[in-house]
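J.: Curious how this folds, go ahead:
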Amino acid sequence: MIDEHSFSRRVPSGDTLERRVCNTCGFVDYENPKIVVGSVVRVGERILLCRRAIEPSRGLWTLPAGFMELHETAEEGARREAMEEACAAIRITGLLAVYSIPRISQVQLIHIAQLEGDAFAAGPESLEVRLFDWEEIPWGELAFPSVHWALRHRREVWDRTSCAPFSNPPGDLGDTLPR
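T.: Sure, this is the predicted structure:
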């Protein structure tokens, strides 16, 4: 089959940025950031973390989170990710943070959640899932800068089930892990 469409990079009429545009029909192939949805799941005084079984950052700890799917809400996506990664049913009570990671073209929506029931286990993308007391969190083994941010932001509003959403720490775009 011969592809009738070829694309070139140019600024479409009425736009200000260079885009991929079909030379045949003028279709603009917009490239937009990926949306990640997840949650800081609190169980009593502990936090649920997953040890990653996949790259990037295989073997390091993270929150249950992942890419949002088409036709789902952010909350549905966060609940789905908790089930996929931690076999955990969660109840979302609020939006904790919106983080922007321009280096990898991501926007992350991280929720405040509680475990429903007491069941959780490693899903296919996790090597292990555990509950951590605040003092036990393996800070040096966290997978991504936004995991550090979300945990610290959750701690700031520990006794609340909702809050005004946090954002990236001032000047931090997630390029390096906190020390």
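J.: Give the rounded mean pLDDT of the lengthiest strand in the chain.
T.: For the chain, the strand that runs over the most residues, judged by DSSP state E, is strand 90-101. For strand 90-101, mean pLDDT rounds to 98.
J.: Check which helices and strands it sits against.
T.: Secondary-structure packing of strand 90-101 (3 or more C-beta pairs under 8 Å, 6 or more residues apart in numbering; DSSP states H and E): strand 34-43, helix 74-86, strand 106-115, helix 145-156. To be clear about C-beta, it is placed using only N, CA and C from the backbone, and glycine gets the same treatment.
J.: From the rest of the structure, what touches it?
T.: 39-41, 64, 74-75, 78-79, 82, 106-116, 145-146, 149-150, 153-154, 157, 160-163, 165-168, 173-174 (C-beta atoms under 8 Å, 6 or more residues apart in numbering).
J.: Run the angle between it and helix 74-86 for me.
T.: Orientation check (axes from the mean of the first three to the mean of the last three C-alpha atoms, to 10 degrees): strand 90-101 against helix 74-86 gives 100 degrees.
J.: from the contacts of strand 90-101, which would you call buried?
T.: Taking 16 or more other C-beta atoms under 10 Å as the criterion, what is buried in these is 39-41, 64, 74-75, 78-79, 82, 106-115, 145-146, 149-150, 153-154, 157, 163, 165-166, 168, 174.
J.: pLDDT weak spots in this protein?
T.: 1-4, 178-179 (pLDDT under 70).
J.: domains in it, as residue ranges please.
T.: 1-31, 34-156 (automatic domain parsing).
J.: Quickly compare these and say which is most buried.
T.: By mean neighbour count, with neighbours taken as mean count of other C-beta atoms under 10 Å, domain 34-156 ranks first of the domains of the chain at a mean of 18.
J.: so who does A113 touch?
T.: Contacts of A113 by C-beta under 8 Å, 6+ apart are 39-42, 78, 82, 90-93.
J.: ok, now which ones touch the residue lying closest to R154 once chain neighbours are set aside?
T.: With C-beta to C-beta, 6 or more residues apart in numbering as the criterion, R154 has its nearest non-adjacent residue at 4.3 Å, and that residue is V40. V40 makes contact with 47, 63, 96, 110-113, 150-151, 154, according to C-beta under 8 Å, 6+ apart.
J.: Give the helix, strand or coil label for G140.
T.: helix (DSSP: H, G, I helix; E, B strand; the rest coil).
J.: Over to the residue nearest to G94 when sequence neighbours are not counted: give its phi and psi.
T.: In space, and not counting its chain neighbours, G94 is closest to S162: 3.0 Å by C-beta to C-beta, 6+ apart. With angles defined as degrees, to the nearest 10, S162 sits at phi -150, psi 160.
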